[in-house]
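Colleague: Next input, structure requested:
(chains A and B)
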There are 2 protein chains.
Amino acid sequence: MFDNKDQSRTSLSELGEFGLINHLTKDFAVKQSSTVKSIGDDAAVIDTKGKQLVISTDLLIEGVHFDLSFMPLKHLGYKSVMVNLSDIYAMNAEATQITVSIAVSNRFPLEALEELYAGIELACAIYNVDLVGGDTTSSTKGLLISVTALGLADADQITGRDGAKDGDLLVVSGDLGASYMGLQILEREKQVHKVNPNSQPDLEPYSYLIERQLKPEARRDIIDLLKKIEIKPTSMIDISDGLSSEIIHLCKNSKTGVRLYEDKIPLDPQMINVCEEFKIDSTTVALSGGEDYELLFTIAQTDYEKIKGNPNFTVIGHITPEGDGMNLITRANTSIPIVARGWNALSNETED
Amino acid sequence: MFDNKDQSRTSLSELGEFGLINHLTKDFAVKQSSTVKSIGDDAAVIDTKGKQLVISTDLLIEGVHFDLSFMPLKHLGYKSVMVNLSDIYAMNAEATQITVSIAVSNRFPLEALEELYAGIELACAIYNVDLVGGDTTSSTKGLLISVTALGLADADQITGRDGAKDGDLLVVSGDLGASYMGLQILEREKQVHKVNPNSQPDLEPYSYLIERQLKPEARRDIIDLLKKIEIKPTSMIDISDGLSSEIIHLCKNSKTGVRLYEDKIPLDPQMINVCEEFKIDSTTVALSGGEDYELLFTIAQTDYEKIKGNPNFTVIGHITPEGDGMNLITRANTSIPIVARGWNALSNETED
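Modeller: Residues are numbered from 1 along each chain as shown, chains lettered A, B, ... in the order given. Coordinates of the predicted model:
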């Protein structure tokens, strides 16, 4: 589905800016009834029909957020959309529109941008989102993608980071840390390939991890499921920077503490195996790896019966009074403070 | 107002990403009653109160869209906002919120970003707009600013590019070409400065042109004025790429032709003088210079009495059937087709 071996090349300057936008977006169909005016005017127009609008934006930069030596452009387009939709779902809203701006250096031919937009289009189709605007410009170096996502929700359905209460359960969807280990695999293969360009890596044992890194999915299904089982989380956030960083956001905004249980953190068996292979602690990866795009939320204890036994959800802890602090209860039953580390700290540790 | 001689420097890494966002945005007050949730969650929340939402986005890249050797960061912040608000006003909407994402290389200290955000804050204060979100990341090279602007309007007040009718008058606000000539002055001074770093340029004769380039204003006053005199334009666009390019957009989208009269195009005397100094044709600059951020719109002939004699408006032509084409009627009374040229073509011509 994501393959394109066509090697023909068309220079961007043949099209000009407006020709380029038209060319890249001509097959994007309007799917949302709220989209009144899409690409082709000074601005897009959206009829919110009495709902509240939710808006989020992210910037992805070559060499900082992605490496085109192992990230296919179609995947990159898809992932750029996911990263933003994930923020909209984390507000318990329906994602409805996106704008996409790109800056490209002249080393990219038209066919490369077509691949990028094919990934964006696939994401829009699967998640029922309209591309309604953007900007296309040249850059002095590399590729840069700026996505803004819009969503709609009834005012009383929106979940912020600030609603967690003492006694609430801390719940996470899916499993954690796989995306980070997928990136480690890809970076290792890149180094091997540099030394021996003819090496044929067997990536099959790592397929889940690599998919989590290259083609993550935003958890719209979780939002739909929560609605179906009639749970409105008291607070919610998506996991982009790593579990510990997101827990700290929830607690600080809600003015609470938390007890997080190490043995409850959901890890995929493939992720555990690869952590052993890399001699890296799997809990550290789950806490600080990032790019999982799972949803982390709190629910009232009275809602526990509704999620009990559901494989989509794992209760990993509970909310405590602010004065009790934010603590990880380890497998050895000791309590250690949760600290935000994110990418930098983890990279340093890996290099130790 | 725009001076800051403080030379102290704080490294960005001392703050971290979240600390940086908090630090830069802590003094931004919420002004719009539609802003429900601002910076500090996965997404911002906006209550549109039954109005339609208008959204526009632009990307500004160092070395492509601005040159920090003569563009102070505070001006750059201000201009980044203006460029986007201009698109919202061109839809006949009220600008209400913006998001700002920046990518910076580590050559920028905190104080530089504070200057940038001081300009953004000033723009927000003057134009009554809330900063509600964004993303802050590192770049491998230079500074990059992505602004998305939101606006609200009653559905029946929105003006697109597609409503011009045969017989409508073509009207422009302000004067054209000054911003482009301001840029020529600044680039000339940069070259002089390279040769003789002690030269003290007298820029007083060029003050209007330089202000148009460094600190343009979006024409919210024109939108207010049109409402006051009870004119709803049949079509409207803002002039960012140059008059000819924007006229072509209006005509193509409206499926009309146009007759544009060279002798009616409003030019500032300072701009005419500098065009003579640079031996460049002032009409060419007005047609292709760009960055004027004036509004170009069409009105029904029956509305003519309402704008007659108003110094804010100049009637520069009229709409014709599509088959008659898009033509410039020169001072010598010959008719030549209007072609889009924009920056590139003009730069080439200047270099001839």
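Colleague: Going along the chain, name the strands of chain A.
Modeller: Counting by DSSP state E, chain A has these strands, from start to end: A:35-37, A:44-47, A:52-61, A:94-104, A:130-133, A:136-138, A:143-153, A:169-173, A:235-238, A:256-261, A:295-299, A:313-321, A:326-329, A:335-337.
Colleague: what packs against the fifth one?
Modeller: Just to be clear, that refers to strand A:130-133. strand A:35-37, strand A:44-47, strand A:94-104, helix A:110-127, strand B:52-61 (3 or more Cβ pairs under 8 Å, 6 or more residues apart in numbering or on different chains; DSSP states H and E). Backbone N, C-alpha and C define where each C-beta goes, glycine included.
Colleague: mind giving me TSV with the ones you listed and columns for mean neighbour count, mean pLDDT and distance to A:Ala218?
Modeller: Formatted as TSV, the helices and strands packed on strand A:130-133 follow (neighbours: other Cβ atoms under 10 Å in any protein chain shown; pLDDT from 0 to 100; distance: least, Cβ to Cβ, whole Å):
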stretch	mean neighbour count	mean pLDDT	distance to A:Ala218
strand A:35-37	20	90	19
strand A:44-47	23	92	20
strand A:94-104	26	95	8
helix A:110-127	20	94	7
strand B:52-61	25	95	20
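Colleague: Redo those as TSV? Include distance to B:Ala300.
Modeller: Formatted as TSV, the helices and strands packed on strand A:130-133 follow (distance: least, Cβ to Cβ, whole Å):
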stretch	distance to B:Ala300
strand A:35-37	22
strand A:44-47	22
strand A:94-104	32
helix A:110-127	38
strand B:52-61	23
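Colleague: would you turn the strands of chain A into JSON lines with distance to B:Thr334?
Modeller: JSON lines is the format used below for the strands of chain A (distance: least, Cβ to Cβ, whole Å):
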{"stretch": "strand A:35-37", "distance to B:Thr334": "38"}
{"stretch": "strand A:44-47", "distance to B:Thr334": "40"}
{"stretch": "strand A:52-61", "distance to B:Thr334": "49"}
{"stretch": "strand A:94-104", "distance to B:Thr334": "40"}
{"stretch": "strand A:130-133", "distance to B:Thr334": "39"}
{"stretch": "strand A:136-138", "distance to B:Thr334": "36"}
{"stretch": "strand A:143-153", "distance to B:Thr334": "45"}
{"stretch": "strand A:169-173", "distance to B:Thr334": "69"}
{"stretch": "strand A:235-238", "distance to B:Thr334": "62"}
{"stretch": "strand A:256-261", "distance to B:Thr334": "76"}
{"stretch": "strand A:295-299", "distance to B:Thr334": "66"}
{"stretch": "strand A:313-321", "distance to B:Thr334": "75"}
{"stretch": "strand A:326-329", "distance to B:Thr334": "77"}
{"stretch": "strand A:335-337", "distance to B:Thr334": "80"}
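Colleague: right, so of those, which gets closest to B:Ala332?
Modeller: Set against B:Ala332 and scored by Cβ to Cβ, the strands of chain A come closest in strand A:136-138, at 37.3 Å.
Colleague: For the closest one, the averaged confidence score.
Modeller: Across strand A:136-138, the average pLDDT comes to 88.
Colleague: hmm, that strand touching chain B?
Modeller: Yes. Strand A:136-138 lies within reach of chain B by Cβ under 8 Å from any Cβ of the partner chain, at A:137-138.
Colleague: Which positions within that strand qualify as buried?
Modeller: A:136-138 (16 or more other Cβ atoms under 10 Å in any protein chain shown).
Colleague: So which of the helices and strands packed on strand A:130-133 is nearest B:Asp27?
Modeller: When those are compared (using Cβ to Cβ), the closest one is strand B:52-61, at 22.6 Å.
Colleague: Report how many residues lie close to A:Val147.
Modeller: Residues near A:Val147, counting by other Cβ atoms under 10 Å in any protein chain shown, number 30.
Colleague: related to what we said a few turns ago, and the helices and strands packed on strand A:130-133: which comes nearest B:Val339?
Modeller: So among the helices and strands packed on strand A:130-133, helix A:110-127 is nearest, using Cβ to Cβ, at 23.2 Å.
Colleague: so what does the closest one touch, helix or strand wise?
Modeller: By 3+ Cβ pairs under 8 Å, 6+ apart, helix A:110-127 packs against helix A:16-25, helix A:73-89, strand A:94-104, strand A:130-133.
Colleague: what angle sits between that helix and strand A:143-153?
Modeller: Interaxial angle of helix A:110-127 relative to strand A:143-153 (axes from the mean of the first three to the mean of the last three Cα atoms, to 10 degrees): 20 degrees.
Colleague: Great, nothing more from me.
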